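Novice: sequence isn't available, so here's the structure alone:
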């Protein structure tokens, strides 16, 4: 049975009210199993299996997720965007390391294209198109989808990258559906601004 979850707001636990139509739509899509390699870039010295909790396109702040890409170019494009978002001069003294990870997800929600996102109520005209400062206009529905999938005990999402022509894997690292994540290979330091 799915566990309830909530949102921490000013230190209080606020119960989430999930949209029943969204839950039904996700259940109708069903799940796929995924086992394979993904690419992930992290700051040098950080364990690539460690999730982030800062919030993002597919995760509200405080929810532990691990963002990765099924393609090396996708991981590079995503990190390049985040390093240069809204900055006239990108940071130059950051050490980043590229990893290949072996991942196994028993229940993944696969949304292979923009049509699948539109089916779940996403304004696909905004997907990856808004300036970083206006990301909340794009992220809200995507975060609702991810939270609903997590509530339904999916271990992650396979979704289109907003920065490259490939798929990303968004892994929910806590809960009963959490995937298996192992380091396959440390590919070394990478300069995403020159690649």
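Specialist: It's in. Predicted model, so just to flag it, every value in this text is computed and none were measured. Residues are numbered from 1 along each chain as shown.

Novice: drop to CA atoms for contacts and neighbour counts, all remaining ones
Specialist: Fine.

Novice: which strands and helices lie in contact with the longest strand along the chain?
Specialist: Looking across the chain with DSSP state E, the single longest strand is strand 96-110. Counting contacts by 3 or more CA pairs under 8 Å, 6 or more residues apart in numbering; DSSP states H and E, strand 96-110 is packed against strand 32-43, strand 156-160, strand 180-190.

Novice: point out the most buried one among these.
Specialist: By mean neighbour count, with neighbours taken as mean count of other CA atoms under 10 Å, strand 156-160 ranks first of the helices and strands packed on strand 96-110 at a mean of 24.

Novice: C-terminal to it, what's the next element?
Specialist: Scanning forward in sequence from strand 156-160 by DSSP states H and E, the next helix or strand is strand 167-172.

Novice: of the helices and strands packed on strand 96-110, which is nearest residue 141?
Specialist: For the helices and strands packed on strand 96-110, proximity to residue 141 was assessed by CA to CA; strand 156-160 is nearest, at 13.9 Å.

Novice: now do that closest one and strand 96-110, the angle between them.
Specialist: Strand 156-160 runs at 100 degrees relative to strand 96-110, counting by axes from the mean of the first three to the mean of the last three CA atoms, to 10 degrees.

Novice: residues touching strand 156-160, excluding its own?
Specialist: By CA atoms under 8 Å, 6 or more residues apart in numbering, the residues outside strand 156-160 that reach it are 105, 107-114, 146, 149-150, 166-172, 178-179.

Novice: sheet partners, orientation included, of that strand?
Specialist: strand 96-110 (parallel), strand 167-172 (antiparallel) (DSSP bridges).

Novice: what separates that strand from the chain centre, distance-wise?
Specialist: Distance of strand 156-160 from its chain centroid, counting by CA atoms, centre = their mean, to the nearest Å, is 7 Å.

Novice: so it versus strand 32-43, what angle?
Specialist: Using the same axes, to 10 degrees, strand 156-160 lies at 80 degrees relative to strand 32-43.
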